[in-house]
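In: with the sequence up front, the predicted model follows.
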Amino acid sequence: MDGFFTCRLTFRQKGAEIYEAKDGFENMCGYCRDRGYAPVLVFLGLASISCRIFEMAWPQGGKDMKRKVKQLLLTAAGIALLILVVSSFVILVFFPDMLPSASKTQNEASKELFAMDTYITMTAYGRDAETALTEAADKLAALEQLWSVTDPNSDIYAVNHGEGHPIRVSEETSELVSFALQMAEETNGALEPTIYPVLSAWGFTTEEHRVPSETEIAELLGNVGYERVRLEGDTVQLDNGMMLDLGAIGKGYAGDLVAQVVQENGSTSALLNFGGNIQAIGTKPDGSRWRLGLRDPFTGGTLGVLEISNMAVVTSGNYERYFIGEDGKQYGHIIDPATGYPAESGLVSVTIVAGEGRLCDALSTSLFVMGLDKAAEYWKQHPDFEMILITEDGEIDLTEGIADAFTLDSYHSNMRVNVIEYE
Ligand code: AMP
Ligand code: MG
C-alpha cells in the first residue's frame, strides 16, 4: 500500500500548467498553403513549357498565325489554370482524403495514456506517426517499470531497499541518477533527489497530510543528502534509511527519451504532453511554431501564450499539490531541503524552456526552491535555458531570450512584466 502511494508521489500529475493553445484559422491557412501551392506552380510550369515547345516546333510559321495560336494557347491555359485552382481548392480543403499521397505525408496520429501517474497525450505527424507513437508508449512503459518506486522489480525499488548494499541498475537508471546528482550539485542542493523521508513525513507520499514537529524534521534531514549517494558504473548504493525520489526529474527525463524514439521513427513534428511537461519536436506540420498556453496559477485560466519550436517546457509550482494545515496555512509539495519545510520562496510558478526536458524538469523544481533573485543569478551563470517566473505578488519575471515568444493574455494586461537581462 505504501508502495502504491509512493509511486503516486514520484510521478505526480501536475494539472497541465502548460498545454497546446489551439488556433483554428492559423491551422487552416497552413493547411491550404501546404496543399494548394504545389499543383498551381506545376501547372504554370507546364503552360510555359508548352509555349516553348510550340516555338521550337514552328520557328518558320507566319508571324500573325504564330501570335494567334500563342494567344489561343495562353487563353486556354488561363482558363484551365482557373479551373484547376478552384477545383484543387475545393478538393484539398473539403475532400483531402481523395489525395492519398498528400494525406499520407501529413498523417496525424494521437495517443492518450496514463503512465508515471500522469495523463499523457502525444500527437505526432509524418508517414509513420502511428508506429512512432506505439513505440513511444512502449518506451514509456519500459521506463516506468525501471523507475517505479512501488514495483518490487524496478531499479529504484531495489536501490531504495538495498539496505546499504550496492545495487546493479540499468543504463537508463544509472544515467538518470547521474543526472540527478549532477543537477543537485549545480543547484547547490536545491534539487535534492534523496528528499523522500522528509516528504513522506509531510504525508505527500500517502495523501495523509500532517505537519511534522521540528525535531522530527531535523531527525529526518539526517537521512537526506545527495552527496552520500554512491554511483559507480552501473551500481547505486545508499546509506541505510536513505531513499531516492526522482519525481522532480523523472517525467522530464522520460520525455527526452520518448521524444528520441518518436524522432527515430521518422516523425519530425510532434507534441508530447506529460501532464504539463511539454516536449515539442520540430514545428507544427505547417512550419509555424507550437502555441502553448501557460496556466494562470491564481485563477486556473490562461495567463499567456508561449510560441516555441523544438523545445521542452516544464512548469513547477506549490499550488499544484498542497494541503491546508490545522493552523490554516497552505503547505506545498516542493520541499526546501535546507529547512525540510515546503519552499516559501515568494514564487508561485516557475516555467523553464530549454532544449532538454530533463534540464527543464530539474530546474523548474530547484529554481522554485531558490526564489526570484537566486534563480535570476543562476540563469545568468547558466545561459542554456529561459524561464518565466510568477511571483506571489502577481508579477511576471521572464528572461530576455523568451520575452518575444511570450504574449500575455489580454485579460492579464494589467500584470507587471519584468524582463531579466544579462548585465
Ligand atoms: P516537480 O513537479 O517536477 O516540481 O517535482 C516535484 C516533486 O519532486 C515532488 O512531488 C516531490 O516528489 C519531489 N520533490 C519535492 N521537493 C524536492 C526537492 N527540493 N528536490 C527534489 N525533489 C523534490
Ligand atoms: Mg521538476
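Out: Perfect, thanks for sending it. Bear in mind the structure is a predicted one, so any value in this text is a computation, not a measurement. Numbers count the residues shown, from 1 in each chain. Ligands and ions are numbered 1, 2, ... in the order given.
In: who's in contact with the residue nearest the centre of the chain?
Out: The centroid of the chain falls nearest to Ile278 when counting by C-alpha atoms, centre = their mean (1.5 Å). Contacts for Ile278 (C-beta atoms under 8 Å, 6 or more residues apart in numbering) come out as 18-20, 271-272, 292, 312-314. All C-beta atoms are positioned from the backbone trio N, CA, C, and that covers glycine.
In: okay, those in a markdown table with distance to Leu199 next?
Out: Converted to a markdown table, these look like this (distance: C-beta to C-beta, whole Å):
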| residue | distance to Leu199 |
| --- | --- |
| Ile18 | 24 |
| Tyr19 | 27 |
| Glu20 | 31 |
| Leu271 | 31 |
| Leu272 | 27 |
| Leu292 | 29 |
| Ala312 | 25 |
| Val313 | 25 |
| Val314 | 19 |
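In: would you mind putting these into TSV with distance to ligand 2, secondary structure and neighbour count alongside?
Out: Output for the contacts of Ile278, formatted as TSV (distance: C-beta to the ion, whole Å; DSSP: H, G, I helix; E, B strand; the rest coil; neighbours: other C-beta atoms under 10 Å):
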residue	distance to ligand 2	secondary structure	neighbour count
Ile18	13	strand	22
Tyr19	17	strand	18
Glu20	20	strand	17
Leu271	19	strand	20
Leu272	16	strand	26
Leu292	17	strand	25
Ala312	11	strand	27
Val313	12	strand	27
Val314	6	strand	30
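In: element containing Gly293?
Out: When elements are assigned from DSSP states H and E, Gly293 belongs to strand 290-295.
In: for that strand, packing partners?
Out: strand 18-20, strand 277-281, strand 302-308, strand 312-316 (3 or more C-beta pairs under 8 Å, 6 or more residues apart in numbering; DSSP states H and E).
In: averaged pLDDT, the second one. What do you get?
Out: Translated: strand 277-281. In this model, strand 277-281 carries a mean pLDDT of 97.
In: can you list the strands that it pairs with?
Out: Next to strand 277-281 in the sheet, as set by DSSP bridges, lie strand 269-274 (antiparallel), strand 312-316 (antiparallel).
In: out of the ones you listed, the one nearest ligand 1 is which?
Out: Ligand 1 sits nearest to strand 312-316 of all the strands paired with strand 277-281, at 3.3 Å, using C-beta to the nearest ligand atom.
In: please find the angle between the direction vectors of that closest one and strand 302-308.
Out: 150 degrees (axes from the mean of the first three to the mean of the last three C-alpha atoms, to 10 degrees).
In: residue numbering should commence at 27 henceforth.
Out: From this message on, residue numbering opens at 27, which makes the last subject strand 338-342.
In: now the element after strand 338-342, going C-ward?
Out: Counting by DSSP H and E, the next helix or strand C-terminal to strand 338-342 is strand 348-350.
In: that next one vs ligand 1: in contact?
Out: No: residues of strand 348-350 are not located near ligand 1 by C-beta under 6 Å from any ligand atom, the shortest gap being 10.5 Å.
In: what's the average pLDDT for that strand?
Out: In this model, strand 348-350 carries a mean pLDDT of 93.
In: which other residues reach that strand?
Out: 229, 235, 356-359, 368.
In: any buried residues in stretch 276-296, and which?
Out: Of the residues in stretch 276-296, 276-285, 287-289, 291, 293, 295-296 count as buried by neighbour count, 16 or more other C-beta atoms under 10 Å.
In: how about the CA coordinates for that stretch, as PDB?
Out: Extracted C-alpha coordinates of stretch 276-296, given in PDB (Å, rounded to 0.1, in the frame of the first residue of the first chain):
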ATOM      1  CA  GLY A 276      11.600  11.600 -14.000                       C
ATOM      2  CA  LYS A 277       8.900  12.900 -16.400                       C
ATOM      3  CA  GLY A 278      11.200  15.400 -18.000                       C
ATOM      4  CA  TYR A 279      13.900  12.700 -18.400                       C
ATOM      5  CA  ALA A 280      11.400  10.300 -19.800                       C
ATOM      6  CA  GLY A 281      10.100  13.000 -22.200                       C
ATOM      7  CA  ASP A 282      13.600  13.300 -23.700                       C
ATOM      8  CA  LEU A 283      13.900   9.500 -24.200                       C
ATOM      9  CA  VAL A 284      10.400   9.200 -25.700                       C
ATOM     10  CA  ALA A 285      11.000  12.200 -28.000                       C
ATOM     11  CA  GLN A 286      14.100  10.400 -29.200                       C
ATOM     12  CA  VAL A 287      12.100   7.300 -30.100                       C
ATOM     13  CA  VAL A 288       9.500   9.400 -31.900                       C
ATOM     14  CA  GLN A 289      12.200  11.000 -34.000                       C
ATOM     15  CA  GLU A 290      14.000   7.700 -34.700                       C
ATOM     16  CA  ASN A 291      10.700   6.600 -36.200                       C
ATOM     17  CA  GLY A 292      10.800   9.400 -38.700                       C
ATOM     18  CA  SER A 293       8.500  12.000 -37.100                       C
ATOM     19  CA  THR A 294       9.900  15.500 -37.300                       C
ATOM     20  CA  SER A 295       6.800  17.100 -35.900                       C
ATOM     21  CA  ALA A 296       5.200  16.100 -32.600                       C
END
